[in-house]
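Got a sequence here, can you build the structure:
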Amino acid sequence: MSTTVPHLTPHEPLEKPIWIDGAEGKREATFVSPLYDLLETNIPKELMRYSDQEWPSETQLFPKHRTVKQYLEDYAKDIKSLIQFETQVLDVQLKDAGLSTWDLTSKNLHTGAKITRTYDAVVVASGHFTVPYLPGTLGMEVWDASYPGTISHSKFYDSPETFRGKKVVVVGSSASGLDIGAQINEVSKGKVVVSQKSESYLAASSAGNQITCPEIVEFLSPTTHNRGIKFADGRIEEQIDAIVFCTGYFYSFPFLSSLNPPVVTHGWRTTNIYQQLFYTEHPTLAFPVLPQRVIPFPMAEAQAAVFSRVWSARLTLPPKNAMREWEDAEINKKGDGKAFHILHFPADADYLNLLHDWAKKANLRPGLSNDGQGKLGPRWGERERWMRALFPDIRRAFVKRGAERGEIRSLAEIGFDFEEWKREQGPRL
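Below you'll find the predicted structure:
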């Protein structure tokens, strides 16, 4: 599987399913996933959990992706009967502007049958790791045509074995780039060449196991070089067997293409959004976990506590002009690009607590738990902020344990103790 080279637009059609043979000979529909075989989370389990569900005691500190999948399935078991599997949403259109209701058309992937139903509200929880961004560089298209299949994107990475004995360049220094680069480096021909614009805050302190270069500025002509590329510092590397771009994704919601105003333009952020969550024009449409550089599970829980209270008329949103003013203020502060949705610590912690306090203001409703408040999302205190501030260091300490890390269950086992920190450091984060 691959994508066009370069890939510069978020406006992609709906993905087509891949059919595989499942249990008892039954065909199952699946889609290309950015998850890869050896993927572990880059967030410690204590920080990424839902407030009302513990991780199994045997879970390693940074869980493997299969463990996360099981954790989510366990969390959803009470509503599993309401989930329609192997069903693809084709289109969501505004039905009644006055009522802000929606017509949703879906397709049963097994039978091909399509059905349209009307809903009072829609939660778009499809994520934002579907349409890859693969930046264009001088000479790239000719190079790709000359060496087809050499350039790929992390979305299609599954295992380092594909790169065994090959000279490999990994582009990007975020979490996926660091992890994939480290995995490939174990089997590649020579050290992996890592191309990055700046050093990642997640990077290990020692980079001696890789060759670090600045960004690629040119794919050199096949008539003058042997699979050669040039970096911004003038360095040239030749005989490249594979280049993996770990350069992120566009925001893309092809089933919402009819919206006016749109939620996707250039694809670097979701547009016409209030408080990183509500579609301003019709707030019966919500987009949980648009932000990046955040801890997704507690954020999703906190956002759900807000939009459920809004939709049950226990909370009231401000007028549309005030919601647009919020977005304009964010653009003035962060720009109209990627930074709009990036919430570096402590902004993510502050936003999470804002959501909790917002939900807590809802009108009480007799019969609900928590003395009529109902379930509230998490609120981070000093311990959670301590973990959030230190998690890059925690992750580095975990990775340094090598094969032993699978046996590490707690922060204390790698030298991080909150109570000891409080005694020694004192100041609050």
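
by contact count, what packs against the helix ranked longest in the chain?
Taking DSSP state H as the criterion, the chain has its longest helix at helix 382-399. Packing partners of helix 382-399 (3 or more Cβ pairs under 8 Å, 6 or more residues apart in numbering; DSSP states H and E): helix 45-48, helix 347-360, helix 418-425. Yep, even glycine has a C-beta here, placed from its N, CA and C like the rest.

export those to CSV and tack on mean neighbour count and distance to Leu82?
Output for those, formatted as CSV (neighbours: other Cβ atoms under 10 Å; distance: least, Cβ to Cβ, whole Å):
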stretch, mean neighbour count, distance to Leu82
helix 45-48, 20, 25
helix 347-360, 19, 23
helix 418-425, 11, 38
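
Dump those helices to TSV, plus distance to Ile79.
Putting these into TSV (distance: least, Cβ to Cβ, whole Å) gives the following:
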stretch	distance to Ile79
helix 45-48	21
helix 347-360	20
helix 418-425	34
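
Tell me if I am right that Asn370 is in a helix.
No: with DSSP: H, G, I helix; E, B strand; the rest coil as the criterion, Asn370 is located in coil rather than a helix.

Leaving out sequence neighbours, find the closest residue to it.
What sits nearest to Asn370 in space, not counting adjacent residues and going by Cβ to Cβ, 6 or more residues apart in numbering, is Leu376, at 6.7 Å.

May I ask which helix or strand encompasses the one you found?
Element membership for Leu376 (DSSP states H and E) is empty, with no helix or strand holding it.

Next: Arg409.
Applying DSSP H and E, one finds Arg409 in no helix or strand.

ok, it - contacts?
Ser57, Glu58, Thr59, Gln60, Leu61 (Cβ atoms under 8 Å, 6 or more residues apart in numbering).

Against Asp417, how distant is it?
14 Å (Cβ to Cβ, to the nearest Å).

And for Phe31?
From Phe31 to Asp417 the distance is 42 Å (Cβ to Cβ).

cool, Thr316 as well?
Remark: distance between Thr316 and Asp417 (Cβ to Cβ) = 44 Å.

now swap in Pro298 and tell me
Pro298 is 22 Å from Asp417, by Cβ to Cβ.

Neighbour count: those two, which is higher?
Counted by other Cβ atoms under 10 Å, Pro298 and Asp417 do not tie: Pro298 has more neighbours, with 24 against 12.

That one and Tyr50 touch, don't they?
Yes: between Pro298 and Tyr50 there is a contact under Cβ atoms under 8 Å: 7.1 Å.

Pro283: neighbour count?
If we define neighbours as other Cβ under 10 Å, then Pro283 has 19 of them.

Which residue comes closest to it once chain neighbours are left out?
Nearest to Pro283 is Leu317, by Cβ to Cβ, 6+ apart, at 5.5 Å.

Where does pLDDT dip in the stretch 251-400 of the chain?
Across the stretch 251-400 of the chain, nothing is flagged by pLDDT under 70.

can you give me the strands for it?
273-274, 278-279, 285-286 (DSSP state E, counting those that start in this stretch).

Buried residues in the biggest strand by length in the chain, which are they?
Longest strand of the chain, by residue count under DSSP state E: strand 87-96. Using 16 or more other Cβ atoms under 10 Å as the test for burial, strand 87-96 gives Gln88, Val89, Asp91, Val92, Leu94.

Using CSV, lay out those together with pLDDT and distance to Asp336.
Supplementary listing: the buried residues of strand 87-96 in CSV, determined by pLDDT from 0 to 100; distance: Cβ to Cβ, whole Å:
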residue, pLDDT, distance to Asp336
Gln88, 97, 31
Val89, 98, 27
Asp91, 98, 27
Val92, 98, 24
Leu94, 98, 24
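
Kindly reformat those as CSV and extend each row with distance to Pro17.
CSV is the format used below for the buried residues of strand 87-96 (distance: Cβ to Cβ, whole Å):
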residue, distance to Pro17
Gln88, 7
Val89, 13
Asp91, 17
Val92, 19
Leu94, 27
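
count of residues packed around Pro296?
15.

thinking it is in contact with Val289, fair?
Yes: the pair Pro296 / Val289 is scored as a contact, 5.1 Å apart, by Cβ under 8 Å.

picking that back up, and the angle for the next helix-or-strand element following the longest strand of the chain with strand 87-96?
Next along the chain after strand 87-96, taking DSSP H and E as the criterion, comes strand 101-108. Strand 101-108 and strand 87-96 are oriented at 160 degrees to each other (axes from the mean of the first three to the mean of the last three Cα atoms, to 10 degrees).
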